[in-house]
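Q: Got a predicted structure here, sequence first:
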Amino acid sequence: MPGGRLTQQERQQIALGLADGLAYAEIARRLDRPTSTITREVMRNGGPTAYRADLAHRATEHRAHRRRRATPRGVEAPEQAYGRDAEEVRAYEETFTTVMMASGMPKMMARVMACLTLTDTGSLTASELVQRLQISPASVSKAIAFLDSQGMVRRERDERRRERYVVDDDIWYQSMIASARAAAQIVETARQGVGVLGPDTPAGTRLEGVARFLDFVSESTLRAAEQAREILHTKPTTTPDTTTEPGSDH
């Protein structure tokens with residue numbers, strides 16, 4: 001299996017494969033590359049519908065040049081726990097960030113969210129985020145404010161009274177609840193509009209359709225989030241072993 005960065009010719013093959021509707025795994029097989037390499041390459045360069053080989057190649061060269069300028073001579077990537085490959089972790093963090101951006105999250109917020117999610121502790125201070133991401137404290141503050149408003153991070157104080165930003169198993173539940181509540185507010189506002197514009201008018205009918213759709217979605221989201229939390233976040237109880245040999249005392 002060839003190693004190293006993708007060549008421009010390989011990127012052209014990726015673009016052709018996407019145009020032909022091939023799956024990432026099939027493109028990877030044809031190039032003798034890991035599927036994760038193809039997925040990361042496409043997602044960080046516009047996604048399957050906007051990927052362009054020449055633009056992707058120039059963007060990669062630009063990122064490499066920027067990293068060389070930003071990294072002082074002799075400074076190595078921080079050692080990774082559990083024997084992880086530092087370069088692979090960095091590349092995956094870029095992929096995770098790109099996917100979060102594709103879902104609608106602004107870039108800086110996506111970078112902070114990815115950084116928090118991929119730490120083993122699940123929490124970092126503002127100064128740690130500044131150091132890891134090489135961004136300003138103001139950028140961290142703005143990103144955290146946004147993520148907090150979406151229910152995607154939790155703030156807490158550690159033993160040194162420093163504010164830490166936390167992502168854990170409950171964060172995605174809280175985020176889904178916040179999303180459902182936001183949809184419910186749109187439902188209420190849309191129904192107010194029906195009263196203002198008239199239920200029998202085209203605009204009023206449209207708003208009622210919006211309200212009914214989002215009402216159904218928000219209720220379904222709340223129900224699914226509660227069920228998932230109950231099933232996935234509840235530790236299974238161990239039942240006593242009742243298997244006994246015939247004739248043994250209980």
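A: Thanks, I have it. Residues are numbered from 1 along each chain as shown.

Q: can you give me the strands in this protein?
A: Taking DSSP state E as the criterion, the chain contains strands spanning 123-125, 154-157, 163-166.

Q: Is it possible to get a markdown table of those that adds distance to Gln174?
A: For glycine as for every other residue, the C-beta is placed from the backbone atoms N, C-alpha and C. As requested, the strands of the chain are exported to a markdown table (distance: least, C-beta to C-beta, whole Å):
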| stretch | distance to Gln174 |
| --- | --- |
| strand 123-125 | 15 |
| strand 154-157 | 8 |
| strand 163-166 | 11 |
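
Q: nearest to Asp54, of those?
A: strand 123-125 (37.0 Å; C-beta to C-beta).

Q: Give me the helices and strands touching that closest one, please.
A: helix 107-117, strand 163-166 (3 or more C-beta pairs under 8 Å, 6 or more residues apart in numbering; DSSP states H and E).

Q: Mind giving me the packing neighbours of the shortest one?
A: Taking 3+ C-beta pairs under 8 Å, 6+ apart as contact, the helices and strands that strand 163-166 lies on are strand 123-125, helix 126-133, strand 154-157.

Q: Please report the distance of Arg157 from Arg164.
A: According to C-beta to C-beta, to the nearest Å, Arg157 and Arg164 sit 7 Å apart.

Q: More neighbours: which of the two?
A: Set Arg157 next to Arg164 and count neighbours by other C-beta atoms under 10 Å: Arg164 wins out with 19 against 9.

Q: contacting residues around that one?
A: Applying C-beta atoms under 8 Å, 6 or more residues apart in numbering, one finds that Arg164 lies in contact with 123-125, 155-158.

Q: what sits against the nearest residue to Ala91 once chain neighbours are set aside?
A: Of all residues beyond its chain neighbours, the one nearest Ala91 is Arg40 (5.9 Å), with distances taken as C-beta to C-beta, 6 or more residues apart in numbering. If you count contacts by C-beta under 8 Å, 6+ apart, Arg40 has them with 91-92, 94-95.

Q: Can you tell me which of the strands of the chain has the worst average pLDDT?
A: Note on these: lowest mean pLDDT is at strand 154-157, with a mean of 91.

Q: Would you mark the buried spots in that strand?
A: Arg154 (16 or more other C-beta atoms under 10 Å).

Q: quick one: contacts of that strand?
A: With C-beta under 8 Å, 6+ apart as the criterion, strand 154-157 contacts 123, 144, 148, 163-168, 170-171, 174.

Q: rerun that using 10 Å as the cut-off
A: 122-123, 144, 147-148, 162-168, 170-171, 174 (C-beta atoms under 10 Å, 6 or more residues apart in numbering).

Q: Mind listing the strands it pairs with, and their directions?
A: strand 163-166 (antiparallel) (DSSP bridges).

Q: Please identify the buried residues of the strand it pairs with?
A: For strand 163-166, a neighbour-count test (16+ other C-beta under 10 Å) marks 164-165 as buried.

Q: List the contacts of the most centrally placed residue in the chain.
A: The residue lying closest to the centre of the chain (C-alpha atoms, centre = their mean) is Met100, at 4.1 Å. Residues in contact with Met100 (C-beta under 10 Å, 6+ apart) are 106-107, 109-114, 117, 152.

Q: Please dump those residues into CSV; it should also carry pLDDT for every row.
A: CSV is the format used below for these (pLDDT from 0 to 100):
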residue, pLDDT
Pro106, 89
Lys107, 89
Met109, 94
Ala110, 92
Arg111, 93
Val112, 95
Met113, 94
Ala114, 93
Thr117, 93
Met152, 89
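
Q: Now do the nearest residue to Ala225 once chain neighbours are set aside: how many residues are near it, please.
A: In this structure, Ala225 finds its nearest non-sequential neighbour in Met176, 4.3 Å apart by C-beta to C-beta, 6+ apart. Met176 has 18 neighbouring residues, counting by other C-beta under 10 Å.

Q: Perfect, that will be all.
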